[in-house]
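Asks: Just to be clear, the model below is a prediction. Sequence and coordinates:
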Amino acid sequence: MISKKDFIKINDWLWEIPKNEKMNVPARVYSSEKMLEEILKDRSIEQLVNGTMLPGILKYGIAMPDCHEGYSVPIGFVGAIEISNGIISPGACGFDINCGMKLMKSQYSEQEIKPYLEKIAEEIYKEVPSGLGQGRKNKISIEEINKILEQGAKRIVNLGYGEKEDIENCEANGCLDWADSLYVSEKAKNRGRDQVGTLGSGNHFLEIQKVEEIFDKEIAQNFGLFENQIVIMVHTGSRGLGHQVCTDYLREFIPLMENKYKIKVPDREFACVPFLSEEGQRYFRAMAAAANYAWANREMIAFFIRKAWKKALGEKATSLEILYDVAHNIIKKEKYIINNKETEVIVHRKGSTRAFPPYNQEIPSKYQKTGQPVLIPGSMGTSSYVLSGVEKGEQSFFSTCHGAGRTMSRHKSLKATSGEEVIKNLKSKGIIVKCRSMRGIAEEAPLAYKNIDEVIEVVHNAGLSKKVAKLTPLAVIKGE
Amino acid sequence: MEKYKIIEHRADLKIKVFGKTKEELFENAVLAMNDYLQPEIKNSKIIKRKILIKSFDIKTLIVDFLSEILYLIQTKKETYFKTDFKKFTDTEIYAFIFGRKVKKFNEDIKAVTYYDLEIKQKEKNLWQATILFDI
């Protein structure tokens, strides 16, 4: 059982478990002392230590302040793996490949939109289904799925459902070019046929928010954010298609890991194979294809939001521009200086958001001076944040937190509160709620999550990313 | 005998399943998964589907078996209440599952995981499995 005494305090925001004979690198946790005590209540740290045993992991295995128990590594993990001798692990990316965030900016203030808010929320609710047993009405063909898998958000824009500028305002321009639909099973493609433009359930949501507070005026101005501005946040991923890609490769890789490659890891769920193996490369291309599907899904949702916005506002509807779209479950090749040498590594981010600093070549030209916009959702009814990437973030492979992080099981949450009570509380704060399930609302109640403000303080003070703006919800739209 | 129970877990769905035999254990795991999804039945017409699974060992077999059924649940929009095993070994299943069409589900399961998976015979006529689902 790991306890606080196993850690060395590096500073107020960073704690380390030194490397032992089983670990390949030390384990690091970005956290306040108070949050660390909370983190130690579940198996997150045990799972983080398991992650440090992955073959080829370099520097540290890292957990974020919002981390919580998952499977293989905890949710809220970053690990950089050496290409030549390292592995790739479908379990350390997770089932919801490219689960991520998109933020749309309006030119309106809260006061201007207030009379239309209920109508906008209702229209968005009608336009964007959750996709649980009621996906989109028309199933798209496998040929079209293949195009989406290889072209991502670009395919949606090329079909006329988005703006060209949306692509630029998207991590990797909404398309990982090494994706190959050939390595995605028919089963996965079938699961994806009626889910492009669907939200999913659980913690996935849409929110109409206002910019509550600006922390960095210059960066906010560059991002096109101003106080009281109406913005719309989207949180979803690759839906059933991504889940099936992960399921397929876990099934294939467990026997390979144990028999063919004889890789010893503490948990089967890692299901890792050498990155450079034929199998590893197949998964890397399939994972990229699923990530592209997720970008297409969020872009299609943006189309439906714009449609709802126009319907609700009529002639008053001005454009909704994308601030950025960024993943928090993904595996990518990136270069870092490790042991004084530029090294290309396979970064596994599971519940952790990429936060590239100013002058990074992979971010859009307009964000070159500010660093990449980083989008962090809070729990339902609480604040969300816009952060920016910073130079000091290299310590965590330019990664930061991804949300509030659960502290309570759904079961306990259901016992502690009811959907009706949560809605009543949100309404008392003036927040509109559109949801298909009372149970879903109770399961995602704010009391089941860590305090997002505390999470953000840690990543800001630790130098992983910088606070730019705080967003508060005006309307929450959820699936089941 | 209790068929299954839900175990506390911070983020996911953990269930403990029971059965007099391995077959019953697997069938009850199917029931637990279907119950959790809270399906709203469309009509009473019974649907029969064939399942053929070959796997690495009994632990991967239960995950692969449930994953296959989860795929059918989600793509066919059906829920299953009965399993009829024609062949059952520690690495292979040939079975028919019976179910009904669904209007909608009120919960979602992303996937069945191999994490912390346990299958053991507790005593004569009592098999037990612990399974974690990503939800």
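Replies: On my side now, so go ahead.
Asks: What's the per-residue pLDDT of the residue in chain A that chain B sits nearest to here?
Replies: Nearest to chain B in chain A, going by C-beta to the nearest C-beta, is residue A:71, at a distance of 3.3 Å. (C-beta placed from N, C-alpha, C; glycine too.) pLDDT, residue A:71: 92.
Asks: next one: the one 10 residues further on
Replies: Among the per-residue scores, residue A:81 shows a pLDDT of 98.
Asks: so it bridges to which residues?
Replies: Residues in a beta bridge with residue A:81, per DSSP bridges, are residue A:57, residue A:346.
Asks: Please compute how far the helix ranked longest in chain B lies from its chain's middle.
Replies: Longest helix in chain B, counting residues (DSSP state H): helix B:58-76. Centroid separation for helix B:58-76 versus its chain: 7 Å, with C-alpha atoms, centre = their mean, to the nearest Å.
Asks: Mind listing what's buried along it?
Replies: B:58-75 (16 or more other C-beta atoms under 10 Å in any protein chain shown).
Asks: hmm, the helix or strand just after that helix in reach of chain A?
Replies: Sequence-wise, the next helix or strand downstream of helix B:58-76 (DSSP states H and E) is strand B:78-88. No - using C-beta under 8 Å from any C-beta of the partner chain, strand B:78-88 never reaches chain A; the gap is at least 9.6 Å.
Asks: Give me the sheet partners of whichever helix or strand comes after strand B:78-88 and which way each runs.
Replies: Using DSSP H and E, the next helix or strand after strand B:78-88 towards the C-terminus is strand B:92-105. According to DSSP bridges, strand B:92-105 forms sheet pairs with strand B:39-41 (antiparallel), strand B:47-54 (antiparallel), strand B:78-88 (antiparallel).
Asks: Lowest average pLDDT across those?
Replies: strand B:39-41 (a mean of 93).
Asks: Make JSON lines from the strands paired with strand B:92-105 and add mean neighbour count to it.
Replies: As requested, the strands paired with strand B:92-105 are exported to JSON lines (neighbours: other C-beta atoms under 10 Å in any protein chain shown):
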{"stretch": "strand B:39-41", "mean neighbour count": "17"}
{"stretch": "strand B:47-54", "mean neighbour count": "14"}
{"stretch": "strand B:78-88", "mean neighbour count": "17"}
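Asks: Switch the ones you listed over to a markdown table; also include distance to residue A:199.
Replies: Converted to a markdown table, these look like this (distance: least, C-beta to C-beta, whole Å):
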| stretch | distance to residue A:199 |
| --- | --- |
| strand B:39-41 | 19 |
| strand B:47-54 | 28 |
| strand B:78-88 | 22 |
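Asks: And the ones you listed: which comes nearest residue A:402?
Replies: Closest to residue A:402 of those is strand B:39-41 (C-beta to C-beta; 30.9 Å).
Asks: Spell out the secondary structure type for the nearest residue to the residue of chain A closest to chain B once chain neighbours are set aside.
Replies: Leaving aside its chain neighbours, residue A:71 sits nearest to residue B:115 (3.3 Å; criterion: C-beta to C-beta, 6 or more residues apart in numbering or on different chains). Using DSSP: H, G, I helix; E, B strand; the rest coil, the structure places residue B:115 in coil.
Asks: do the same with the one 5 residues further on
Replies: Using three-state DSSP, the three-state assignment for residue B:120 comes out as strand.
Asks: show me the contacts for it.
Replies: B:127, B:128, B:129 (C-beta atoms under 8 Å, 6 or more residues apart in numbering or on different chains).
Asks: switch to 6 Å and redo it
Replies: Applying C-beta atoms under 6 Å, 6 or more residues apart in numbering or on different chains to residue B:120 gives the contacts residue B:128.
Asks: Run through the bridge partners of it.
Replies: According to DSSP bridges, the partner residues bridging residue B:120 are residue B:128.
Asks: Quick one: distance of stretch A:168-181 to the chain centre.
Replies: Mean-position distance between stretch A:168-181 and its chain equals 15 Å (C-alpha atoms, centre = their mean).
Asks: what does that stretch rub up against?
Replies: A:146, A:149-154, A:167, A:285, A:288-289, A:291-292, A:295, A:322, A:324-327, A:364.
Asks: Take the residues you listed and keep only those in strands.
Replies: A:322, A:324, A:325, A:326, A:327 (DSSP state E).
Asks: Quick check on those: which are buried?
Replies: Buried members of these, counted by 16+ other C-beta under 10 Å: A:322, A:324, A:325, A:326, A:327.
Asks: for the residue nearest to the last one when sequence neighbours are not counted, what are its contacts?
Replies: Going back to what we said before, that points to residue A:327. Nearest non-adjacent residue to residue A:327, counting by C-beta to C-beta, 6+ apart: residue A:100, 4.0 Å away. Shown in contact with residue A:100 (C-beta under 6 Å, 6+ apart): A:326, A:327, A:328.
Asks: who does the first one bridge with?
Replies: Beta bridges link residue A:326 to residue A:101 when assigned by DSSP bridges.
Asks: In terms of pLDDT, where does it sit?
Replies: Residue A:326 is assigned 98 on the pLDDT scale.
Asks: So which residues on chain B come close to chain A?
Replies: Contact residues (C-beta under 6 Å from any C-beta of the partner chain) of chain B with chain A: B:8-11, B:56, B:60, B:64, B:67, B:71, B:74-75, B:77, B:102, B:104-106, B:108, B:110-111, B:113-115, B:134.
Asks: For chain A, give me its nearest residue in chain B.
Replies: Proximity to chain A, evaluated over chain B using C-beta to the nearest C-beta, is greatest for residue B:115 at 3.3 Å.
Asks: I'd assumed residue A:268 was in contact with that residue.
Replies: No - with contact defined as C-beta atoms under 6 Å, residue B:115 does not reach residue A:268; the gap is 7.6 Å.
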